[in-house]
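Trainee: quick one: sequence plus predicted model below, questions after.
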Amino acid sequence: MSTETRAFQAETRQLLDIVIHSLYSNKEIFLRELISNSSDALDRLRFEALTHPEVMEKDEVLEIRLEADADAHTLSIIDNGIGMSRDEVIENLGTIAKSGTRELMSKLEEQPADSSPEQVASLIGQFGVGFYSAFMVADRVTVVTRRQGEEVATRWDSEGGGEYEVTDDHRFARGTTVTLHLKPVDEEHGLENFTDFFVIQRIVKRYSDFIPYAVKTEQTREEPERDESGAPIEGKTKTVVEEVILNSMKPIWTRPASEVSDEEINEFYRHISHDWTDPLDVVRLHAEGRIEYQALLFLPSKAPFDLYYRDQSYGLQLYVRRILIMDRCEELLPTYLRFVKGVVDSSDLPLNVSREMIQHDRHITQMRRWLTRKVLDHLGTMKKDDEDKFIGLFKEFGRVLKEGVASDADNKDRIAPLLYFPTSHDEEKPTTLDGYVERMKDEQDAIYYLTGESRGVIEASPHLEAFRAKEYEVLYLDDPVDEMVVQSLNTYQEKPLKSVGKGEIELGSEEEREKAKEELKEKKDDYESLLGFLQTSLDDHIKEARLSARLTSSPACLVGSEFDLSPQLERMLRQTEGGERIGKQKRILEINPDHPIATQLRTRHEQNADDPKLAGYAQLLHGYALLAEGSPLPDPGNFNRLVAELMTEQLGG
């Protein structure tokens with residue numbers, strides 16, 4: 001026999017060290033990688049048999065076997081695939097540098113002109129680095145392989161250090177046997193007893209359940225001996241060894257929908273989502289073209305308790321050729337679709353070796369774009385065909401979906417029609433923006449809304465008085481995330497979104513607007529002195545005092561300029577980390593010129609501008625406006641004192 005001892009190159013040793021110690025945080029996936037390699041070898045044999053049928057025996061079964069030896073503490077992965085020649089062993093196993101940057105860049109040069117350096121990451125999996133994950137769990141790895149058509153086998157042996165040994169060997173048939181001489185069990189560091197049947201069964205079921213070849217092993221168990229009648233003999237047992245197929249080989253997402261029962265779908269959903277309820281809806285997707293992939297996605301019927309947890313993990317399961325690559329691949333869908341569960345399987349992607357590489361893979365980016373649009377389109381179809389069903393989904397996940405308006409500019413126009421908001425039009429049923437636009441008055445040129453902590457607070461706001469009088473519909477945005485929506489969604493169907501609590505309000509027809517302007521202009525001269533006094537007295541709190549066109553029954557309200565923060569958003573930001581850096585925001589105090597408080601306050605100021613009680617009345621008016629919109633008082637103690645003094649005065653005390 002010809003035996004060679006070869007040294008790994010410095011670059012090779014460095015890469016091997018990275019793979020062994022840094023590449024995978026979950027050591028059990030070594031078995032996934034080795035089963036995947038065996039599956040690839042079987043694929044290559046089957047492909048070669050298309051043009052050379054003689055490479056396979058008639059009716060030959062292609063399979064992968066796992067043999068565990070608890071006494072020797074070894075685990076062998078055996079396949080009857082294409083096998084490797086001596087030269088291929090040295091090239092593929094002996095030189096990890098082939099998986100390094102130099103070889104990868106060489107391959108990139110062969111790619112189309114629009115290929116990017118990010119492919120370095122995605123190509124690594126194609127060059128066999130996954131094989132070296134075996135050294136995470138083994139002190140020594142032995143490979144015995146025989147190439148199809150050759151008589152002599154090759155043995156490769158290494159402890160993962162500075163060198164490896166290659167020698168001739170014997171193997172009865174073509175194929176490959178990878179034997180791992182396992183490290184001592186150390187569950188604290190992820191080193192389980194990988195010779196245990198149930199450990200092997202769990203790992204295969206999780207990562208390799210859907211590869212197209214049977215993964216077999218033997219299970220040893222004790223059962224009672226039986227007499228001639230079949231009754232168990234007390235105190236006597238016998239050892240039974242039976243062959244077990246560990247994987248189902250039935251990827252549910254590749255089967256026609258007509259061949260999959262609802263119960264199978266529901267069971268699969270519960271398996272991948274750990275949800276006890278059935279899914280609300282199922283989305284089947286298939287893409288062909290530059291990159292091909294299939295997806296089986298689920299829309300849950302109930303929101304999980306951790307949907308809004310900062311550290312919550314989410315993502316779809318990513319398969320490559322039916323091999324599980326990542327249990328939660330966050331890169332496949334944006335965060336606002338984190339409630340979607342399911343699997344994506346691609347035959348074109350390589351077996352990526354780390355999350356960082358997936359983050360930069362251009363194919364993943366294409367898949368993310370396509371999946372996002374398909375999910376949003378499906379939601380749109382559901383809303384159109386079964387609105388009650390969609391509203392049920394929106395009640396559970398609407399707040400999350402709204403995040404997409406602010407975070408996904410490319411799909412903002414797809415998301416906006418899916419959103420529902422409480423409205424003054426209907427006390428019970430929320431409305432879509434499309435529904436609002438359909439009901440707009442002919443002269444109305446904006447979509448009006450008001451934000452607040454609750455529907456009750458918003459409905460009590462004096463800002464709505466003129467809108468009620470004109471019967472203009474107003475959206476009640478009582479969800480904190482709605483602030484993000486209106487900050488990002490400036491228009492809808494060419495209609496601007498306008499807060500009834502900001503800027504100046506002009507309602508009605510053109511003639512009505514002109515008439516209202518003239519009336520307000522006439523009254524402004526009468527109130528000019530009082531407005532100046534209020535501006536001076538409340539200078540620490542307001543930036544302007546003016547007459548209001550939006551009030552019909554309340555004496556005063558506070559409004560913001562067009563680009564000011566709403567009171568709710570300002571409070572929210574102050575509660576966040578770094579919120580103390582937000583400066584004090586002054587607002588505009590609007591006075592209802594037709595309210596008795598305003599007219600009497602004007603008369604009193606005209607009679608005696610130096611009246612000391614006027615300053616207290618100004619503070620009471622400002623406090624009233626704050627309380628009316630649900631905002632806190634700057635000095636509750638002083639406000640209470642002024643109220644008590646006013647009551648005492650009016651009661652004749």
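Mentor: Arrived safely, thanks for sending. Numbering: from 1, shown residues only.
Trainee: before we move on, which element is Tyr449 in?
Mentor: If you go by DSSP states H and E, Tyr449 is part of strand 447-451.
Trainee: cool, and Val457?
Mentor: Using DSSP H and E, Val457 sits in helix 455-459.
Trainee: for Thr552, same thing?
Mentor: Using DSSP H and E, Thr552 falls outside every helix and strand.
Trainee: ditto for Thr177
Mentor: Assigned by DSSP H and E, Thr177 falls within strand 175-182.
Trainee: now the element after that strand, going C-ward?
Mentor: The helix or strand immediately downstream of strand 175-182 is helix 197-207, counting by DSSP H and E.
Trainee: for the helix or strand where Glu225 lies, packing partners?
Mentor: Glu225 belongs to strand 214-226 when assigned by DSSP H and E. Applying 3 or more C-beta pairs under 8 Å, 6 or more residues apart in numbering; DSSP states H and E, one finds that strand 214-226 makes contact with strand 63-69, helix 197-207, strand 232-245. For the C-beta atoms, the positions are set from N, CA and C on the backbone; glycine is no exception.
Trainee: hang on, the earlier thing: tell me which strands the strand holding Thr177 pairs with, and in which orientation.
Mentor: Here strand 175-182 is paired, per DSSP bridges, with strand 74-79 (antiparallel), strand 138-146 (antiparallel).
Trainee: returning to that earlier point: the strand holding Glu225 vs strand 232-245, what angle?
Mentor: Compare the direction of strand 214-226 with that of strand 232-245 by axes from the mean of the first three to the mean of the last three C-alpha atoms, to 10 degrees and you get 170 degrees.
Trainee: any low-confidence regions in this structure?
Mentor: Residues of the chain meeting the criterion pLDDT under 70: 1, 8-25, 94-129, 310-311, 350-357, 359, 574-583, 653.
Trainee: on that earlier part again, quick one: the strand holding Thr177 to chain centroid distance?
Mentor: 39 Å (C-alpha atoms, centre = their mean, to the nearest Å).
Trainee: what sits up against that strand?
Mentor: 30, 34, 37-38, 41, 72-81, 83-84, 131, 134, 137-146, 171, 191, 194-195 (C-beta atoms under 8 Å, 6 or more residues apart in numbering).
Trainee: just the buried residues of those.
Mentor: 30, 34, 37-38, 41, 73-81, 83-84, 131, 134, 137-138, 140-146, 171, 191, 194-195 (16 or more other C-beta atoms under 10 Å).
Trainee: mind giving me the packing neighbours of the longest helix belonging to the chain?
Mentor: If you go by DSSP state H, the chain has its longest helix at helix 510-537. Here helix 510-537 touches strand 542-547, strand 587-591, helix 596-607, helix 613-628, going by 3+ C-beta pairs under 8 Å, 6+ apart.
Trainee: most tightly surrounded among these?
Mentor: With neighbours defined by mean count of other C-beta atoms under 10 Å, none of the helices and strands packed on helix 510-537 is more surrounded on average than strand 587-591, at a mean of 24.
Trainee: okay, that strand in PDB with CA atoms only?
Mentor: Provided in PDB are the C-alpha atoms of strand 587-591 (Å, rounded to 0.1, in the frame of the first residue of the first chain):
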ATOM      1  CA  ARG A 587     -47.200  75.000  21.000                       C
ATOM      2  CA  ILE A 588     -49.900  77.400  19.800                       C
ATOM      3  CA  LEU A 589     -52.800  78.400  22.100                       C
ATOM      4  CA  GLU A 590     -56.000  78.900  20.000                       C
ATOM      5  CA  ILE A 591     -58.900  80.800  21.500                       C
END
